[in-house]
Structure formats: structure tokens, C-alpha cells
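Q: show me the folded form of this:
(one chain, ligands or ions: 2)
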Amino acid sequence: MVAAAAVAAPVLLAITWGAEGRTLTWVTLAAAAGGVVGAGVQGFRAARRLKHRLQEVGRFAAALAAGNLGHRLQPESADEIGDLEEQLNEMADRLAEAMAALRELGEKNRALAYEAGALAERTRLARDLHDTVNQELFSLALLVAAARRRLEQGDVAGLGGELKEAEAMARHAHSTIRALILQLRPPDLAQQGLAAALREYVASFAARHGLEATCRAEVPPLPAPVEEALFRMAQEALSNVAKHAQASKVVVELGVQDGQVRLVVRDNGRGFDPDAPLRPTALGLTGLRERAAALGGRAVIRSRPGAGTEVTVQVPVPREDGEPGPGARVANAGAPAGAPGDGAVPAPGEMPGPEAREGASGVGAHPGADRR
Ligand SMILES: Nc1ncnc2c1ncn2[C@@H]1O[C@H](COP(=O)(O)OP(=O)(O)O)[C@@H](O)[C@H]1O
Ligand SMILES: [Mg+2]
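A: Numbering: from 1, shown residues only. Ligands and ions are numbered 1, 2, ... in the order given. All right, here's what the predicted structure looks like:
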């Protein structure tokens with residue numbers, strides 16, 4: 001209507017100019033000016049509303065980008081901005097669905113990683129049994145058979161040596177079995193607490209393998225599955241020290257730092273190249289990384305030939321309600337933890353020299369020295 005007045009004004013002005021006199025002309029001019037001002041005010045209001053709606057859209061898009069999917073826009077009119085608002089609402093719905101699916105997938109991955117870790121552990125124990133007790137019992141049977149033959153031939157004098165050897169072998173098999181049972185038996189973490197159970201385990205490990213071991217462990221009570229997993233990871237790292245490192249010293253540290261539980265197992269043994277491809281049957285370190293990832297954390301293996309090995313596991317301290325802590329991430333989203341390119345294993349050049357590491361831990365051992 002204001003626009004119509006603005007158009008009509010010059011026409012009226014033309015009609016009235018000259019003939020009807022000046023009064024009418026001024027009235028017409030005033031009406032025209034009023035029309036123009038009115039149109040301007042309305043245009044300004046419309047522009048302000050437009051700006052406000054666009055600002056709303058902008059804020060909504062920023063909230064979506066920040067992962068806040070709880071709000072929706074209220075489209076006011078069926079114009080282009082209304083369409084945009086509808087589309088953004090739809091996008092937010094889809095995004096919320098995708099996030100829920102991703103969360104579900106994360107849960108499934110966590111469960112799978114845990115199962116894979118348990119399977120790897122069973123495989124390792126089966127191999128340990130095969131490589132140790134199995135061989136020893138077979139040799140024992142051969143020795144006893146030889147002794148029996150000797151006895152049948154009446155060669156009693158030569159019997160002593162064979163029986164002595166058989167006795168030593170039986171004793172060794174017995175102690176190996178005991179060590180394996182200790183590994184298999186679930187530690188009484190609930191009663192002892194993780195720190196005390198770990199200290200005890202490290203002491204018995206050191207005695208069993210003739211190593212010098214230091215264990216500094218202090219952690220608040222954690223949910224049972226987290227304590228169990230941390231204990232198993234320490235066991236795996238220690239079993240690697242016994243099997244591969246030829247070390248004389250090992251340091252185990254367990255503590256909480258910046259909202260993270262941190263477990264370190266460090267040896268002064270022969271080290272290895274963690275970037276080299278693993279045997280397909282070597283599942284210990286893979287299982288260890290998977291366990292850490294299942295807890296929303298990660299495991300880093302630092303080593304290089306001749307310079308010892310350091311395994312560091314870091315997992316977020318779980319909240320009271322058992323959920324992973326603030327540092328948790330979706331485990332194994334995309335690639336499995338520890339897969340090439342995830343940065344879990346630093347380049348060998350990044351590893352601190354053994355002197356620096358051992359100085360810090362207070363062990364003060366020198367690679368190549370002592371026991372070996
Ligand atoms: N502490 C260590 N010292 C030296 N080598 C190690 C150590 N830990 C692991 N390794 C090397 O890494 C390989 C992979 O270890 P792992 O995945 O536990 O498999 P496994 O113990 O069954 O061989 C080992 O075969 C060994 O060569
Ligand atoms: Mg291993």
C-alpha cells in the first residue's frame with residue numbers, strides 16, 4: 001500500500017501542478033514524501049528480520065558443527081530461508097542418527113577387541129605349554145624308557161645318571177607348570193587391589209627368571225574390568241621380557257597422571273625394531289594394543305636393537321559410573337589401534353637413550369652388562 005502511494009504521488013503531482021493552485025500541490029508533495037518514508041521503514045524492518053533469521057541459521061550451523069544436535073530451527077515462513085531452515089533441521093536429524101550408529105559400532109568394536117585380546121592370550125598360553133612343558137614331558141618319557149630298558153638288561157650301574165636327569169627334568173616341568181598356572185589364575189584383584197597384586201606378581205616374576213625387578217605401583221581402586229585388563233597387559237609385557245629381552249633388569253611403574261592411568265614396563269635387554277613386520281603368530285603386542293584401545297586408551301612400544309624396550313600403556317581413569325573418562329575415544333574407529341600410521345609406535349629415533357630412561361627410573365643398568 002505504501003508503495004502504491006509512492007507511485008501515485010508523482011501522478012497526482014502532475015495533475016495538480018499548475019491549474020489547481022499551490023495548496024493542493026504541497027499536500028500532494030507531503031503525501032508522496034510520507035509514502036517514501038513509510039516504504040523505507042518497512043523495508044528496514046524486513047531487512048532486520050531477515051538478518052535476524054540468517055543469524056539464527058548461522059548459529060544453528062555452528063552448533064551442528066560443534067556436535068550439539070539437541071536443537072532445531074522453527075521455520076517462520078515458506079520462503080528461501082524457511083527452506084534452508086527445513087533442510088538444516090533434516091540434516092541435524094540425519095547427523096544424530098549417524099552419531100548413534102557410530103556409538104553403537106564403537107561399543108561393538110570394544111567388545112570385539114576384548115575378545116581378540118582374550119583369544120590372543122589363549123593362543124600364547126597354548127604355545128607356551130607346547131614349547132616348554134610339552135617338550136620336557138616328551139624328553140622325560142624317553143629318559144624313563146631308556147632307564148627301563150637298562151633295568152631289563154640288568155645294567156643297574158648306568159641307571160643312576162638317567163634317573164637323575166629324569167628327576168631334574170620333572171622338577172623343571174613342574175616349576176614351569178606352576179609359573180603358567182600363576183599366569184592363568186586370575187589374580188585376586190578385588191581383594192588385594194591392582195597395585196598390591198602387581199607388586200606381588202613382579203616379585204615372583206623376578207625370582208622365577210633371575211632378574212632384578214623394581215615395581216612402583218600406586219593407583220586408586222578402578223572398575224574390575226579395567227584392573228583386570230591392566231594386570232593382563234603388565235603380564236604380557238613382562239612375559240615378553242622373559243621370552244625375548246635377555247635383560248638383567250626390569251622396571252614396572254603404575255600410577256595416575258593427568259586423569260590417565262599409566263603403566264610402564266621397561267627392560268634393559270636387547271631391544272628390537274618395533275616397525276619390523278611381526279610373525280603372524282606374534283599376537284602378544286597386538287593384543288596389548290587392543291586391550292588398551294578397548295579401554296579408550298593406547299599402548300606405545302619404544303625399542304631399538306641393543307637399547308632395551310619400553311612399553312607404555314595409558315588409559316583414561318574411568319568415571320565413577322564406569323564410563324570411560326574424559327580422555328576416552330571410540331576404540332578402533334577406522335583402523336585397529338597400533339596399525340601402521342596410527343602413530344602408536346614412534347620411530348626408533350624418538351626413543352630416549354637407555355641411559356636417560358634408566359637414569360630416570362633409578363635402575364641405572366647398562367645394556368649388555370650384568371647377567372647376560
Ligand atoms: N621386551 C622385549 N625385548 C625384545 N624383543 C621383544 C620384546 N617384546 C617384544 N619383542 C619382540 O616383538 C615380537 C612380538 O612380540 P609379541 O607380539 O608379544 O609376540 P610373541 O611374544 O608371541 O613373540 C617378539 O617376537 C620379539 O621379537
Ligand atoms: Mg609376547
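Q: only C-alpha atoms for contact and neighbour calcs from this point on.
A: OK.
Q: tell me if the host helix or strand of residue 199 is near ligand 1.
A: Element membership for residue 199, per DSSP states H and E: helix 194-209. No: legend: contact between helix 194-209 and ligand 1 by CA under 6 Å from any ligand atom is lacking; minimum distance shown is 13.7 Å.
Q: any buried residues in that helix, and which?
A: By 16 or more other CA atoms under 10 Å, the buried positions in helix 194-209 come out as 194-199, 201-202, 205-206.
Q: just checking, what packs against it?
A: Helix 194-209 is packed against strand 212-217, helix 224-240, with contacts defined by 3 or more CA pairs under 8 Å, 6 or more residues apart in numbering; DSSP states H and E.
Q: try it again with 10 Å
A: helix 159-184, helix 189-192, strand 212-217, helix 224-240, strand 249-257 (3 or more CA pairs under 10 Å, 6 or more residues apart in numbering; DSSP states H and E).
Q: show me which residues of the fourth one are buried.
A: By neighbour count with 16+ other CA under 10 Å, helix 224-240 contains the buried residues 226-238, 240.
Q: do stretch 125-139 as well
A: Result for stretch 125-139 [16+ other CA under 10 Å]: buried residues 125, 128, 133, 136-137.
Q: residues touching residue 175, list them.
A: 133, 169, 181, 208 (CA atoms under 10 Å, 6 or more residues apart in numbering).
Q: doesn't residue 174 make contact with the first one?
A: Yes: the pair residue 133 / residue 174 is scored as a contact, 8.2 Å apart, by CA atoms under 10 Å.
Q: what is in contact with these two at once?
A: Listed contacts common to residue 133 and residue 174 are residue 180; contacts here mean CA under 10 Å, 6+ apart.
Q: which of the buried residues of stretch 125-139 fall in helices?
A: 125, 128, 136-137 (DSSP state H).
Q: dump those into a markdown table; add pLDDT and distance to residue 37 as well.
A: Below are these laid out as a markdown table (pLDDT from 0 to 100; distance: CA to CA, whole Å):
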| residue | pLDDT | distance to residue 37 |
| --- | --- | --- |
| 125 | 79 | 90 |
| 128 | 78 | 93 |
| 136 | 85 | 105 |
| 137 | 90 | 106 |
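Q: pipe those into TSV and attach distance to residue 217 per row.
A: Output for those, formatted as TSV (distance: CA to CA, whole Å):
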residue	distance to residue 217
125	26
128	28
136	36
137	38
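Q: now for those residues: which two are most distant?
A: Among those, the pair separated by the greatest distance (CA to CA) is 125 and 137, at 16.7 Å.
Q: extract the residue ranges of this protein that are flagged as low pLDDT.
A: 1-25, 27-28, 182-187, 280-281, 319-372 (pLDDT under 70).
Q: swap in 50 and give it another go.
A: 1-7, 9, 11-13, 322, 325-372 (pLDDT under 50).
Q: quick one: the helices in it?
A: Counting by DSSP H, the helices of the chain are 2-16, 22-65, 80-129, 135-152, 159-184, 189-192, 194-209, 224-240, 284-294, 354-361.
Q: of all these, which lies closest to residue 303?
A: helix 354-361 (9.5 Å).
Q: contact partners for the residue of the stretch 101-250 of the chain found nearest ligand 2?
A: Residue of the stretch 101-250 of the chain nearest ligand 2, by CA to the ion: residue 240 (4.7 Å). Residue 240 is in contact with 234, 246, 267, 284-285, 309, counting by CA under 10 Å, 6+ apart.
Q: any quick ChimeraX command for the buried ones out of these?
A: Burial among the contacts of residue 240 is assessed by 16+ other CA under 10 Å; the matching ChimeraX selection reads:
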select :234,246,267,284,285,309
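Q: just the contacts of residue 240 that are near ligand 1?
A: Among those, the ones lying close to ligand 1 by the criterion of CA under 6 Å from any ligand atom are 284-285, 309.
Q: switch these over to a markdown table; also include distance to residue 114.
A: Listed next are those as a markdown table, based on distance: CA to CA, whole Å:
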| residue | distance to residue 114 |
| --- | --- |
| 284 | 13 |
| 285 | 14 |
| 309 | 25 |
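Q: if we check ligand 2, which of those residues are in contact?
A: residue 284 (CA under 5 Å from the ion).
Q: between the ones next to ligand 1 among the contacts of residue 240, which sits nearest ligand 2?
A: residue 284 (4.0 Å).
Q: the nearest residue to residue 83 once chain neighbours are set aside: how many residues sit nearby?
A: Leaving aside its chain neighbours, residue 83 sits nearest to residue 75 (7.9 Å; criterion: CA to CA, 6 or more residues apart in numbering). For residue 75, the count of nearby residues is 15 (other CA atoms under 10 Å).
Q: residue 75 touches residue 54, doesn't it?
A: No: contact criterion CA under 10 Å: residue 75 and residue 54 do not qualify, at 11.4 Å.
Q: between those two, which contacts overlap?
A: In contact with both residue 75 and residue 54: 81, 84-85, using CA under 10 Å, 6+ apart.
Q: so what's the residue of the stretch 101-250 of the chain found nearest ligand 1 up against?
A: In the stretch 101-250 of the chain, the residue found nearest to ligand 1 is residue 245; the distance is 3.5 Å by CA to the nearest ligand atom. With contact taken as CA under 10 Å, 6+ apart, residue 245 is in contact with 238-239, 267-272, 306, 308-309.
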